[in-house]
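Undergrad: Here is a sequence with its predicted model. Questions after.
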Amino acid sequence: MKRHLKLTSTLLAAGLIAAACGAEDFEDDPDTDPDAAAEDAAEDAVEPGSEDLDGATITVGSKDFDEQLILGYISLHLLEDAGAEVIDEIDLGSTFAAREALTGGEIDHYWDYTGTAWIEFYEEDEPIPDREEQFAAVRDLEIGQGLYWLEPTLFNNTYGIAAHEETVEELGTETISDLGELLETDPDAATLCVESEFESRSDGLPGMEAHYGFEFPTDNVSVLDTGVIYGATADRDPCNFGEIFTTDGRIAALDLEVLEDDEAFFPLYNVSPIYTEEIYEQYGEALEEIYEPVTAALDDDTMAELNARVSAEEELPSDVALDWLQENGFIG
């Protein structure tokens, strides 16, 4: 199957807007240092307002994969429980579609990942290996865009490459570096399934290939929908290896094994609730209080279990989010 991109006009337009939200924002003045601009923006940040969400109307969005749907509904249930009227725009589509909706004023909030912002929105080449430092760097830059990132979760849902455990044993591919050796010794076996975003993102396939110093032949790469990749990889049809999200519940359910990122390419992807300045300056204090215990409880194992309930057990994301919030006493 030929490598191809499934880009809609919305995604193309959103990609342009995402680029406009990146490093080029600081290029109007050649003497402006992005780090200094971020520090200035942080100093000028608005004070969070209101301890009460009564009377608030908040539009909640999300991207289109299981974890994002769960997170979107976590927000919806939290905000409704706190007295807000919530407009449901969950399941908007790609990263760029969700980002465009936020920056364009169509939604007030969604969750996004520190690595995505750092690499994609701000076009930084080198991820920061410390979780808190990476978050702080993104938070300060985003304040300059009128966006407020609340404290991040503990879980790190980074990209990864996986194969069925039998494939790993048969081909001896335990690390991503081993894929380079396989491409030399048995290129027909080095087949890869990816989603359209991963195929084109700098923190995805192109960046990984450049970092590790190998390249998959065009005919070895199949572009599939995100949810299809896991089963296709487990079945080894049409690929022996697949791009995955490391907190996805289907990894364990389908006996997949994540290859070690032995040269540490993939950035940290801790996710945070993001709010527009308009909402934050009115209700920021209440939002921080509401979200703090929730984000602190979302570690790798917990998020993987929630994801598995949707992707493997076929529960509804809204039900999974509500059950978890109630079971842990986050809402009444």
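TA: Structure received.

Undergrad: going forward, measure contacts between C-alpha atoms and count neighbours the same way
TA: OK.

Undergrad: hey, which helix is longest across this structure?
TA: Across the chain, the helix with the greatest residue count (assigned by DSSP state H) is helix 277-297.

Undergrad: gap between that helix and the chain center?
TA: On the basis of C-alpha atoms, centre = their mean, to the nearest Å, helix 277-297 is displaced by 20 Å from the centre of the chain it belongs to.

Undergrad: Next SSE downstream of the one helix or strand Ala252 maps to?
TA: Using DSSP states H and E, Ala252 sits in helix 250-253. On the C-terminal side of helix 250-253, the nearest following helix or strand under DSSP H and E is strand 256-258.

Undergrad: doesn't Thr59 fall inside a helix?
TA: No - for Thr59, which was evaluated using DSSP: H, G, I helix; E, B strand; the rest coil, the result is strand, with no helix membership.

Undergrad: still on that earlier bit, what residues does the helix holding Ala252 touch?
TA: For helix 250-253, contacts defined as C-alpha atoms under 8 Å, 6 or more residues apart in numbering pick out 230, 256-257, 308, 311-312.

Undergrad: Run through the helices of the stretch 101-250 of the chain in chain order.
TA: 114-116, 131-143, 165-171, 176-185, 196-200, 205-212, 226-235, 250-253 (DSSP state H, counting those that start in this stretch).

Undergrad: which of these is buried the deepest?
TA: Per residue and on average, the most neighbours among these fall to helix 114-116, with a mean of 24 (mean count of other C-alpha atoms under 10 Å).

Undergrad: Show me what that helix is packed against.
TA: Identification of packing neighbours for helix 114-116 by 3 or more C-alpha pairs under 8 Å, 6 or more residues apart in numbering; DSSP states H and E yields helix 131-143.

Undergrad: Show me the shaky parts of the protein.
TA: 1-51 (pLDDT under 70).

Undergrad: In contact with the most centrally placed residue in the chain: list those residues for me.
TA: Averaging the C-alpha coordinates of the chain gives a centre point, and the residue nearest to it by C-alpha atoms, centre = their mean is Tyr113 (4.5 Å). For Tyr113, the contacting residues are 269-272, by C-alpha under 8 Å, 6+ apart.

Undergrad: Let me have the residues you listed in JSON lines, extended by distance to His211 and neighbour count.
TA: Shown next, in JSON lines, are the contacts of Tyr113 (distance: C-alpha to C-alpha, whole Å; neighbours: other C-alpha atoms under 10 Å):
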{"residue": "Tyr269", "distance to His211": "18", "neighbour count": "24"}
{"residue": "Asn270", "distance to His211": "22", "neighbour count": "23"}
{"residue": "Val271", "distance to His211": "24", "neighbour count": "26"}
{"residue": "Ser272", "distance to His211": "27", "neighbour count": "23"}
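
Undergrad: And Ala98, how close does it get to Gln326?
TA: Separation of Ala98 from Gln326 (C-alpha to C-alpha, to the nearest Å) stands at 27 Å.

Undergrad: Of those two, which one has the most company?
TA: Neighbour count, other C-alpha atoms under 10 Å: between Ala98 and Gln326, Ala98 has more, with 27 against 12.

Undergrad: can you confirm the more buried one is in a helix?
TA: Yes - using three-state DSSP, the secondary structure at Ala98 is a helix.

Undergrad: Next one: it from Glu305, what distance?
TA: Summarising the geometry, the distance separating Ala98 from Glu305, computed by C-alpha to C-alpha, is 25 Å.

Undergrad: ditto for Gly213
TA: Relative to Glu305, Gly213 is positioned 35 Å away (criterion: C-alpha to C-alpha).

Undergrad: who's more crowded, these two?
TA: The residue with more neighbours, out of Gly213 and Glu305 and counting by other C-alpha under 10 Å, is Glu305; that gives 17 against 10.

Undergrad: how distant is the helix holding Ala252 from the center of its chain?
TA: 19 Å.

Undergrad: And the next helix or strand past the longest helix of the chain?
TA: Counting by DSSP H and E, what follows helix 277-297 is helix 300-311.

Undergrad: quick one: contacts of that next one?
TA: For helix 300-311, using C-alpha under 8 Å, 6+ apart, the contacting residues are 66-67, 70, 154-157, 247-250, 253, 315-317, 320-321.

Undergrad: before we move on, which element is the closest residue to Pro127 other than its chain neighbours in?
TA: Computed as C-alpha to C-alpha, 6 or more residues apart in numbering, the closest residue to Pro127 that is not its neighbour in sequence is Pro267, at 5.5 Å. Secondary-structure element containing Pro267, defined by DSSP H and E: none, the residue being outside all helices and strands.

Undergrad: wait, what's in contact with Pro267?
TA: Taking C-alpha under 8 Å, 6+ apart as the definition of contact, the neighbours of Pro267 are 115, 127-129, 158, 203.

Undergrad: For PyMOL, what selects the buried ones among these?
TA: Only the buried members of the contacts of Pro267 end up in this PyMOL selection, burial being decided by 16 or more other C-alpha atoms under 10 Å:
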select buried, resi 115+127+128+158+203
